[in-house]
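[1] Take this sequence and fold it.
(4 chains, ligands or ions: 2)
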Amino acid sequence: MKVAVLVFPGSNCDQDMLGAWQLMPEVECQYVFHSESSLEGFDVVAVPGGFSYGDYLRCGAIARFSPVMKALQEFAESGKPVIGVCNGFQILLEAGLLEGALLRNEGLSFICRPEKLRVVNKHSMFTSAYAENQILEIPIAHGEGNYYCDAETYARLKSNGQILFEYEHNPNGSFMNIAGICNSKGNVLGMMPHPERVVESLLGGTDGLPLFHSILNFCQHKTA
Amino acid sequence: MYKIKVHVYLKENILDPQGKAVTNALHQLGFNEVQTVRVGKYFQLFTDNVDDIESRIKSMCQKLLVNEVIEDVDFTIENAA
Amino acid sequence: MYKIKVHVYLKENILDPQGKAVTNALHQLGFNEVQTVRVGKYFQLFTDNVDDIESRIKSMCQKLLVNEVIEDVDFTIENAA
Amino acid sequence: MYPNPQQIKDQKIYSRMGVSDGEFEKITEHLGGRLPNYTELGIFSVMWSEHCSYKNTKPQLRKFPTKSPKVLQGPGEGAGVIDIGDGLAVVFKIESHNHPSAVEPFQGAATGVGGIIRDVFSMGARPVACLNSLRFGELSNERNRYLFEKVVKGISAYGNSVGVPTVGGEIYFDDCYNGNPLVNAMCVGLLKHEDLQKGVAGGIGNSVLYVGSSTGRDGIHGATFASENLSEESESKRPSVQVGDPFMEKLLIEACLEAIQHPKIIGIQDMGAAGLSCSSAEMAAKGGVGIELNLDLVPQREKNMSAYEMMLSESQERMLLVVEKGYETEVADIFKKWDLYAVNVGTVIEEPILRVKHKGVTEAEMPVQALTEEAPVYYRNSAEPVYFQEGMKRAASVSAEIKEQAEQKYQNNWIEMLKGLLATSSIASKRRVFQQYDYMVQTNTVAGPEKSDAAILRIRGTQKALAMTVDCNSRYVYLNPEKGGALCMAEASRNIIASGAQPIGVTDGLNFGSPENPEIFWQIEKSVDGIVAACKAFDIPVIGGNVSLYNERSSMGAVYPTPIIGMVGLIDNPAHITTQMVKHAGDSLILIGGNEQAAFGGSELQKMLFGAVYGDCPGIDLEEAAQLNMRMLEAIHQGLVRSAHDVSEGGLAVCLAEKLFGTGLGAKVSYEAEDPINWLFAEGGHRWVLSTAEPEKVLALFGAHASLIGEVLAEPSLELWGESLPVAGAEQIWANALDHLVELAG
Ligand SMILES: Nc1ncnc2c1ncn2[C@@H]1O[C@H](COP(=O)(O)OP(=O)(O)O)[C@@H](O)[C@H]1O
Ligand SMILES: [Mg+2]
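    Ligands and ions are numbered 1, 2, ... in the order given. All right, here's what the predicted structure looks like:
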């Protein structure tokens, strides 16, 4: 299975994301620079965190014009898994691959700490290896992770099962405690917490691992 | 030479924690007459004359400067020759 | 009810990395006519009539809204009754 | 528009740039009798400022032991380098940004972080961690709260964006820092031996490339500004503030680390203090060559900049490279990938001079040695301060006075005293601060803030890990600079050891007032002596550092002498990684090190009871401390230690409380102390508390230097001889104290 980790100028969790995927022997993971125009041959695309283009203007606002984003649109339309974490989530929102927007944290400060999350829907290609309502500890590290959408959108996300993760204790003012959502097709995930930071017990936890395994399972079943 | 002043601000129904923080701070400093504050962005764009300037700016806003999910915009064009 | 529009922006000789990033992005999108962009803050203050409104606002700017070491400010007062 | 050489001389215009009469004469000599023009004078003035030349402290810095078989690069380059095996080396350095932070705290702190990161990657290393050491006046003052909050935001904004985790640091509040905060940033990097770079020019005819942000008028004369006392006046003539661009820095890191793989790169250096002047002069001097710059080619952000302005600008995020002739385009292409432009701005020349051309005119021509190695050196007068003599006289009565106050104010209720201490700004949890720092990015952080006495990072692809810390108790140093300097080193070493690491090197950040004041110079001398003694006792080399003098305000006097110790240690085996919290109910608690040296002078308890510190600082026996360090590592290596935490501010009581927070466990103290207040709250000595499942083995290993003091309880309370403190309540006080001090004061 081949995974692409996109690298934009200012990405800084690219290495972390690559490292997480590389823990799985079945996976061949490589960087794809933002200036590339093709994602051919990849089974999964991960958009890592960081401060693409310095997060100047709005987080993710400038990155969405990179050449690779056109390829990503097509990739997403083909139904293959796309995961955006933190700044990656922000980029996917700006690119219109997911609905809603991210505002500054309610407390106006950057927050870096482990947070408790609940798996709201385990019937997705990203969460199948978790238990329903399982409580995870996954760190957040962001200044603008306060998810916003209007009531109508929320109702739709909710009834479609597009909300995958909720915070147990809302850290940033996110609407209805939303921590991670997917698109209506269910193949594009955006989340603020960093699953790639909790995949080794040496670093304090492995609650992120099942997410990667879920995606791997999905891809293997599809090809099987 | 034109100077275009673009204001981008959060839509009214969207909570503006920064505005709230500023309001509180002003109150603490004794400026109690201030009822609410909203905080937005202010862009000054400098450009040479072009045709169609207004529609060009609208397009810049739409494509880049504004996230219409959460933000509103207005702008003015000044001749800054 | 008054609406006060306060613009705070970096002094001219101060590096504005954000403005530079926006300029570059606009160019990449084909808006080459834009020469420079400077990014600042925009505050909308709503207040009931007070005496001395102008000097009160100046004082708010000085005390809170503006860092005079790096920023300049201007404001307009509108009757928004 | 600028005064001509004769006017400069006649009207003594040089004195406005901080150049003395004698120095002006020397400059003229260096120029072969010719008077300097304005641009040349400007370049000399920054190059000869304390900040760049260390003219007041060089003789002091020479005292440091700087060698060991593992030191690949000692002081003299952007950062020091130490071999850690596996073909890898660790690179680190500390740098101050005090004066800029006093004026514009957000940008001052942000650009401080940016500067030290550049020092590290300019050596060819990938920056893997940042730490910082901060000092402000007390939080009861509004300006101090503002400075504190903004400095933290600046560090957070820059470090987070550039993607280097901020894994540790320290913060203290004391009124001596009113108006003159200290902001010292340390960066640690990793490199492969073969990637080690130097800031050196060479090869006549080779090209000098400029990369990064364009040059503006920001920070002109920043180095001079940093070498003067702060005053209201200096605020008006301060250089225009430098703004940091972490995005540009991130691109520079990636591009430079890619570029150094190119075999035709000869040298690389960042443009820090004194910008283009310092980087070009130093690179030329180190290579024994000269450099000719053509300023017309320098990317400029502002119009009509003069040669003087461009040479003195301290615009951030700029690098200078020397590249073999003919390979400029190849190198430039590497930068282009990252949207950066490498511009050819000069040439390496044979004659050892710095020649600056602008618009067809030679604006400056100066021998590079005169600018660098031959800068003046001053041997300042030193005098033992009166406050010190008085403190020594008073030292004997400190203990009795503490006990009297403890009796009066607290009726000797140690639980209440402990609660009081947990709420002081020094001891309170700093989570309000470090939660704003991304301490996990790069996913190597094994122990971030409050997990272990030192921050711990694993080294990918090896079994190894690095431990790092910054420490300085400036109250001790103030009371007794020599002992205090040694105590800072001892504390840093305890922190490194407690994490399971062997200390391998030190970077020191010397922050003092004006060296022209003999009493201040005495503080510098003595504290360096103390650090040197400890370095020798512990066998740890100093591989670099920084000096920041003139940290005083005319109206308020000097800051406490603040020699910050940044120390790095190496862990060979992941099993040795040790954290500070207790782990299992039933484990024994053992105090390592004796209480004989412990005292109250400069202690947190003294500060809490009297609002001030006086007397003599606690003592330390360096030989014994060195022995204990080795023994402690042995205990950890034998797997006897389940947790370890050093005893520092607030003494044993605070150490015990901190070992319990967040664990859900408690502790019972069974040791019968003769003098409970002294036992619980005195500071000093070389002590840790560890928890172990094998107390007999630990006691046997340490002999007389260990005492069993209690055990870990399943119930979350701290039991002190019949009195009991619920851990949750204590933790709340400790966790929220800083928020209260900042928010309720407002
Ligand atoms: N207090 C100190 N102890 C040891 N070395 C020092 C000290 N201060 C400065 N140095 C060394 O002197 C050299 C020059 O330092 P400096 O001019 O501060 O470099 P930078 O360009 O990073 O500011 C560096 O190698 C530094 O490590
Ligand atoms: Mg320095």
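
[2] Just the C-alpha atoms of the top strand by length along chain B, please, in CSV.
    If you go by DSSP state E, chain B has its longest strand at strand B:34-47. The C-alpha trace of strand B:34-47 is given here as CSV (Å, rounded to 0.1, in the frame of the first residue of the first chain):
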residue,chain,number,x,y,z
VAL,B,34,-18.0,50.7,24.7
GLN,B,35,-20.7,48.1,24.2
THR,B,36,-19.2,45.7,21.8
VAL,B,37,-16.1,45.3,19.8
ARG,B,38,-15.6,43.1,16.7
VAL,B,39,-12.2,42.4,15.4
GLY,B,40,-11.4,41.8,11.8
LYS,B,41,-8.6,42.1,9.3
TYR,B,42,-7.6,45.1,7.3
PHE,B,43,-5.8,44.8,4.0
GLN,B,44,-4.3,47.7,2.1
LEU,B,45,-3.7,46.8,-1.5
PHE,B,46,-1.7,49.0,-3.7
THR,B,47,-2.2,48.7,-7.4
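
[3] so what does that strand touch, helix or strand wise?
    In this structure, strand B:34-47 packs against strand B:2-10, helix B:17-28, helix B:53-60, strand C:2-10, strand C:34-47, with contacts taken as 3 or more C-beta pairs under 8 Å, 6 or more residues apart in numbering or on different chains; DSSP states H and E. C-betas here are computed from N, CA, C, even on glycine.

[4] which SS class is the closest residue to D:Leu312 other than its chain neighbours?
    Distances taken as C-beta to C-beta, 6 or more residues apart in numbering or on different chains put D:Ile220 closest to D:Leu312, at 4.7 Å, once the chain neighbours are dropped. Recorded secondary structure, D:Ile220: coil (DSSP: H, G, I helix; E, B strand; the rest coil).

[5] pretty sure D:Ile220 contacts D:Glu314?
    Yes - using C-beta atoms under 8 Å, D:Ile220 is in contact with D:Glu314, at 7.0 Å.

[6] ok, D:Leu570 touching D:Gln502?
    Yes - the criterion here is C-beta under 8 Å, and D:Leu570 meets it with D:Gln502 at 5.4 Å.

[7] The two: which is more packed in?
    Looking at D:Leu570 and D:Gln502 with other C-beta atoms under 10 Å in any protein chain shown, you find the greater number of neighbours at D:Leu570, namely 22 against 18.

[8] Spatially, what comes nearest to D:Leu487 if we skip its sequence neighbours?
    Here the nearest residue to D:Leu487 in space, its sequence neighbours aside, is D:Tyr476; by C-beta to C-beta, 6+ apart that works out to 5.0 Å.

[9] burial of A:Glu74, as a residue count?
    Residues within reach of A:Glu74, counting by other C-beta under 10 Å, total 12.

[10] coming back round to it: so the residue nearest to D:Leu487, which state does it fall into?
    Assignment for D:Tyr476 (three-state DSSP): helix.

[11] Quick one: residues contacting it.
    By C-beta atoms under 8 Å, 6 or more residues apart in numbering or on different chains, D:Tyr476 lies in contact with D:Lys483, D:Gly484, D:Leu487, D:Cys488, D:Gly602, D:Cys617, D:Pro618.

[12] Share the number of residues neighbouring residue 31, please.
    By default, I'm working from chain A. 15.

[13] Chain B, not that one
    B:Phe31: 20 surrounding residues under other C-beta under 10 Å.

[14] Roughly how far does it sit from chain C?
    For B:Phe31, the distance to chain C (C-beta to the nearest C-beta, to the nearest Å) stands at 6 Å.

[15] again with D:Leu605
    38 Å.

[16] same question, D:Asp572
    Following C-beta to the nearest C-beta, the distance that separates D:Asp572 from chain C is 42 Å.

[17] Show me which positions of the lengthiest helix in chain A end up buried.
    Assignment by DSSP state H gives helix A:209-223 as the longest helix of chain A. Residues of helix A:209-223 classed as buried under the neighbour-count rule (16 or more other C-beta atoms under 10 Å in any protein chain shown) are A:Leu209, A:Pro210, A:Leu211, A:Phe212, A:Ser214, A:Ile215, A:Leu216, A:Phe218, A:Cys219.

[18] with the residues you listed in mind, which one is nearest to D:Val348?
    D:Val348 lies nearest to A:Phe212 out of those, by C-beta to C-beta, at 51.0 Å.

[19] need the contact list for the closest one.
    Each residue near A:Phe212 by C-beta under 8 Å, 6+ apart is listed here: A:Ala20, A:Trp21, A:Leu23, A:Met24, A:Pro195, A:Val199.

[20] tell me the contacts of the third one?
    When you say that, I think you mean A:Leu23. Contacts here follow C-beta under 8 Å, 6+ apart; on that basis A:Leu23 touches A:Val199, A:Glu200, A:Leu209, A:Phe212.

[21] For the residues you listed, name the two members farthest from one another.
    Taking C-beta to C-beta, the two most distant members of those are A:Glu200 and A:Phe212; they sit 12.0 Å apart.

[22] low-confidence ranges in chain A?
    For chain A, the stretches flagged by pLDDT under 70 are A:223-224.

[23] which bits of it sit near chain B?
    Proximity of chain A to chain B, by C-beta under 8 Å from any C-beta of the partner chain, involves residues A:57-58, A:61-62, A:65, A:94, A:100-101, A:103-108, A:146, A:148-149, A:173.

[24] Please narrow those residues to those residing in helices.
    Per DSSP H, the residues of chain A next to chain B map to helices at A:Glu94.

[25] okay, and the helix or strand of chain D with the least pLDDT?
    Taking mean pLDDT, DSSP states H and E as the measure, the helix or strand of chain D with the lowest value is helix D:232-236, at a mean of 52.

[26] Give me the neighbour count for the closest residue to chain B within the stretch 101-250 of chain D.
    Nearest residue of the stretch 101-250 of chain D to chain B: D:Glu142, at 10.5 Å (C-beta to the nearest C-beta). When counting by other C-beta under 10 Å, one arrives at 10 neighbours for D:Glu142.

[27] and what of D:Asp175?
    17.

[28] on that earlier part again, just among the contacts of A:Phe212, which is most surrounded?
    Neighbour counts for those peak at A:Ala20, which has 29 neighbours (criterion: other C-beta under 10 Å).

[29] all helices of chain A, in order?
    For chain A, the helices defined by DSSP H occupy A:14-22, A:67-77, A:87-94, A:151-159, A:209-223.

[30] Select, out of these, the one closest to ligand 1.
    helix A:14-22 (26.4 Å; C-beta to the nearest ligand atom).

[31] Can you report phi and psi for the residue lying farthest from the centre of chain B?
    Residue farthest from the centre of chain B, counting by C-alpha atoms, centre = their mean, is B:Gly30 at 26.6 Å. Backbone torsions for B:Gly30, taken as degrees, to the nearest 10, come to phi 90, psi 10.

[32] Give me the distance between D:Asp614 and chain C.
    Small correction: residue D:614 is Tyr, not Asp. According to C-beta to the nearest C-beta, D:Tyr614 and chain C sit 37 Å apart.

[33] helix, strand or coil for that residue?
    From three-state DSSP, the assignment for D:Tyr614 is coil.

[34] Does it touch D:Gly601 like I think?
    Yes - assessed by C-beta under 8 Å, D:Tyr614 is found in contact with D:Gly601 at 7.0 Å.

[35] For chain B, what's the nearest residue on chain A?
    Residue nearest to chain B within chain A (C-beta to the nearest C-beta): A:Ala101, separated by 4.2 Å.

[36] wait, isn't that residue in contact with A:Leu93?
    Yes - the pair A:Ala101 / A:Leu93 is scored as a contact, 5.9 Å apart, by C-beta under 8 Å.

[37] and the residue nearest to B:Asn49 when sequence neighbours are not counted, what does it touch?
    Nearest residue to B:Asn49 in three dimensions, chain neighbours excluded: B:Tyr2, at 6.6 Å (C-beta to C-beta, 6+ apart). Shown in contact with B:Tyr2 (C-beta under 8 Å, 6+ apart): B:Phe46, B:Thr47, B:Asp48, B:Asn49, B:Ile53, B:Ile77, B:Glu78, B:Asn79, B:Ala80.

[38] Name the member of these that has the highest neighbour count.
    When these are compared by neighbour count (other C-beta under 10 Å), B:Thr47 ends up highest, at 23 neighbours.
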